[in-house]
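*Asks:* Sequence plus the predicted model coming up.
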Amino acid sequence: MTLRIPPGTPVLTAQAMRDAEQACFDKGVAQGELMERAGAAVAQAALRFAMDRSILVLAGPGNNGGDAYVAARLLAERGHDVTVAALGGKRDGAAEEMRQRWTGNTVPLEQAEPRAVLIDGLFGTGMSRPIEGAVKAALHRLVAAAQFSLAIDLPSGLDTDSGGDMGAARVDVTVALGSLKPAHLLGYGLERCGHVLLADIGIPISPEVVKLARPRLTPPAPDAHKYSRGMVVVVEGEMPGASRLAARAALHGGAGYVLLAGTGSADAGPDALVHARVDDAKALHDLLDDARVGAVVIGPGLGRSEAARAKLEAVLAAPHPTVFDGDALTLLGEGATQCFAKRDAVSILTPHAGEFARMFGKNGRGKIERTRDAAADCGAVIVHKGPDTVIGGLTQLTVANAGTAWLSTAGTGDILAGLVGARLAVEGRCGVCHAVWLHGRAAELAGAAFAADRLIRHIPQAIEECL
Ligand SMILES: NC(=O)C1=CN([C@@H]2O[C@H](COP(=O)(O)OP(=O)(O)OC[C@H]3O[C@@H](n4cnc5c(N)ncnc54)[C@H](O)[C@@H]3O)[C@@H](O)[C@H]2O)[C@@H](O)CC1
Ligand SMILES: [K+]
């Protein structure tokens, strides 16, 4: 049982999990065997927290309920006072076998009395519709009255692939079986799952999606110089503070040379930042005619005027890897897919939910699928920001719960754009995920109530932790 979810842990959708289980069955592992392992992992976790308190196990109609019956049996064998609150009668396959092997106290779900410890095995990855009135009421009543609650695989009432709410109650601990699911990291799941533990139940997994890992970074080579370290051009806009934040983040993010292309006024430091006067799109075009440029950042504070649009066009036409953020994304709006699909150079898009919806529309699918599809349509890397950032367009989709809620302050997105630019110039496309991790780690190091400026100071320490 893993107490802290290790870096790079696979994240499987409901279907991918079913496929992985099926591959196990095809190799001759019986369904009952997997269910025994799942129930044993749940019982092991519950034992840690239950002490000698009485336990109520909710057992639903599917295999999540089968796991619940196994856990109930194993806990009762250990001398615990266990009651099962069952939903439905006869089950199928291994779940029915486990129900029959349970010989202890059983009551119908809706008549169950609360106990100190609650184990929720009503629904897992098979949730297909919102939980209905009486069942939902019983679930919420019993979870609220328990001193400690633990969910098997997922809190019942979460949509596995989107983290959408279908009537879930918040539990203290969730034991994820076999792998993480998107709902452990996305949307409502972030709050409803409580502390997530991961139980290895021996199902081989080949992941399409992983949880963001701390990167391993390499220091500059002995013969490095400022240009070989990575040169970043940040395009200054109508709100120069935002682009300065991005430029300073790029400087602290490991780039060798950062050039702010705008008014050319060096009044607002730091002194290491190089200021180039760029009055219009033509001047920007000329500035970008430089093979040493490793990455361009455009969007923070850019504005939405015709002049801003002309600068954006100049950057789009340039051959350099580029981070498109904020106003650059808003200016493109619905035309984004077409525009990026025909761009040859590497494009990294860093939209928040609103910018993403303006470019790619809103539909009912989960954040992982929407990000993956948009990245594929654009031929770009997309960092779909939020407390549950999803990065699509690289070899593996990555989900990050990086940082803290204190990141919800003005300027932190500009800093991420600059940091992505720096890591892109230093390491190429793989640097995108690294930047997201460094940004989150810098937020942890910055502590409470920081202003965005202060976040930048913590980036070098975050980098040092990865060397
Ligand atoms: N497939 C396997 O062999 C294994 C599955 N495992 C467990 O099995 C779970 C998935 O099992 P299932 O696919 O059977 O699905 P679930 O047990 O999550 O639930 C499916 C059942 O609930 C019903 N249902 C769905 N939504 C409902 C609603 N709103 N109201 C009332 N009934 C509803 C369905 O009709 C079906 O009978 C995993 O989360 C995990 O706990 C583990 O035991 C490991 C092995
Ligand atoms: K559950």
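*Replies:* Arrived safely, thanks for sending. Ligands and ions are numbered 1, 2, ... in the order given.

*Asks:* contact partners of stretch 106-120?
*Replies:* With contact meaning Cβ atoms under 8 Å, 6 or more residues apart in numbering, stretch 106-120 is reached by 42, 46, 49-50, 53-58, 68, 71-72, 83-87, 122, 134-135, 138-139, 141-143, 145-152, 155-156, 169, 171. No exception for glycine: its C-beta is placed from N, CA and C like everyone else's.

*Asks:* What's the PyMOL syntax to select whichever of the residues you listed are buried?
*Replies:* Remark: buried members of the contacts of stretch 106-120, expressed as a PyMOL selection using 16 or more other Cβ atoms under 10 Å:
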select buried, resi 42+46+50+55+56+57+58+68+71+72+83+84+85+86+87+122+135+138+139+142+143+146+148+149+150+151+152+155+156+169+171
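
*Asks:* my guess is residue 57 is in a strand, correct?
*Replies:* Yes - Residue 57 sits within a strand when classified using DSSP: H, G, I helix; E, B strand; the rest coil.

*Asks:* secondary structure class for the spatially closest residue to residue 334 that is not a sequence neighbour?
*Replies:* Leaving out its chain neighbours, the residue that sits closest to residue 334 by Cβ to Cβ, 6 or more residues apart in numbering is residue 359, at 6.8 Å. Under the three-state scheme (three-state DSSP), residue 359 adopts helix.

*Asks:* Now do the contacts for residue 73.
*Replies:* Contacts of residue 73 (Cβ under 8 Å, 6+ apart): 39, 98, 101-102, 104.

*Asks:* Show the pLDDT at it.
*Replies:* On pLDDT, residue 73 comes in at 98.

*Asks:* Compute the distance between it and residue 90, please.
*Replies:* 18 Å (Cβ to Cβ, to the nearest Å).

*Asks:* Give me the buried stretch members for the helix or strand containing residue 441, please.
*Replies:* Using DSSP states H and E, residue 441 maps to helix 431-446. Neighbour counts over helix 431-446 (16+ other Cβ under 10 Å) mark 431-443, 445-446 as buried.

*Asks:* now do stretch 103-110
*Replies:* Buried-residue list, stretch 103-110, by 16+ other Cβ under 10 Å: 104, 106, 109.

*Asks:* Which ones among the contacts of stretch 106-120 map onto helices?
*Replies:* Assigned to helices by DSSP state H, the following of the contacts of stretch 106-120 qualify: 42, 46, 49-50, 68, 71-72, 134-135, 138-139, 141-143, 145.

*Asks:* And the furthest pair within those?
*Replies:* Within the ones in helices among the contacts of stretch 106-120, two members stand farthest from each other by Cβ to Cβ: 49 and 134, at 28.2 Å.

*Asks:* Now do the contacts for the residue of the chain most remote from its centre.
*Replies:* What lies farthest from the middle of the chain is residue 103; by Cα atoms, centre = their mean that is 41.7 Å. With Cβ under 8 Å, 6+ apart as the criterion, no residue contacts residue 103.

*Asks:* Close to ligand 2: what parts of the stretch 301-450 of the chain are there?
*Replies:* Residues of the stretch 301-450 of the chain lying near ligand 2 by Cβ under 5 Å from the ion: none.

*Asks:* Helices along the stretch 301-450 of the chain, start to end?
*Replies:* Remark: helices assigned in the stretch 301-450 of the chain by DSSP state H, counting those that start in this stretch are 306-317, 326-332, 336-341, 353-360, 367-378, 412-427, 431-446.

*Asks:* Highest mean neighbour count out of these?
*Replies:* helix 412-427 (a mean of 30; mean count of other Cβ atoms under 10 Å).

*Asks:* same question for it, mean pLDDT?
*Replies:* So the average pLDDT for helix 412-427 ends up being 97.

*Asks:* As PDB, could you dump the C-alpha coordinates of that helix?
*Replies:* Extracted C-alpha coordinates of helix 412-427, given in PDB (Å, rounded to 0.1, in the frame of the first residue of the first chain):
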ATOM      1  CA  THR A 412       1.200  33.400 -11.400                       C
ATOM      2  CA  GLY A 413       0.000  32.400 -14.900                       C
ATOM      3  CA  ASP A 414       2.500  34.900 -16.500                       C
ATOM      4  CA  ILE A 415       5.200  33.300 -14.400                       C
ATOM      5  CA  LEU A 416       4.300  29.900 -15.600                       C
ATOM      6  CA  ALA A 417       4.400  31.100 -19.200                       C
ATOM      7  CA  GLY A 418       8.000  32.500 -18.700                       C
ATOM      8  CA  LEU A 419       9.100  29.400 -16.900                       C
ATOM      9  CA  VAL A 420       7.800  27.100 -19.700                       C
ATOM     10  CA  GLY A 421       9.700  29.400 -22.100                       C
ATOM     11  CA  ALA A 422      12.900  28.900 -20.200                       C
ATOM     12  CA  ARG A 423      12.600  25.100 -19.800                       C
ATOM     13  CA  LEU A 424      11.600  24.900 -23.500                       C
ATOM     14  CA  ALA A 425      14.700  26.800 -24.500                       C
ATOM     15  CA  VAL A 426      16.900  24.800 -22.200                       C
ATOM     16  CA  GLU A 427      15.500  21.300 -22.700                       C
END
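
*Asks:* re earlier: what's near enough to touch the residue nearest to residue 334?
*Replies:* So residue 359 contacts 329, 332-334, 336-337, 349, 351, 374 (Cβ under 8 Å, 6+ apart).

*Asks:* what about it, distance to residue 336?
*Replies:* Distance from residue 359 to residue 336, by Cβ to Cβ: 4 Å.

*Asks:* now residue 437
*Replies:* Going from residue 437 to residue 336 by Cβ to Cβ gives 26 Å.

*Asks:* Show me what the host helix or strand of residue 234 is packed up against.
*Replies:* Element membership of residue 234, judged by DSSP H and E, is strand 231-235. Under the contact criterion of 3 or more Cβ pairs under 8 Å, 6 or more residues apart in numbering; DSSP states H and E, strand 231-235 touches helix 240-252, strand 257-262, strand 293-298, helix 412-427.

*Asks:* Show me the strands in the stretch 1-150 of the chain, by range?
*Replies:* 10-11, 55-59, 82-86, 105-108, 117-121, 148-152 (DSSP state E, counting those that start in this stretch).

*Asks:* coming back round to it: distance from the next helix or strand after the helix holding residue 441 to the middle of the chain?
*Replies:* The helix or strand immediately downstream of helix 431-446 is helix 452-457, counting by DSSP H and E. From the chain centre to the centre of helix 452-457 is a distance of 23 Å (Cα atoms, centre = their mean, to the nearest Å).
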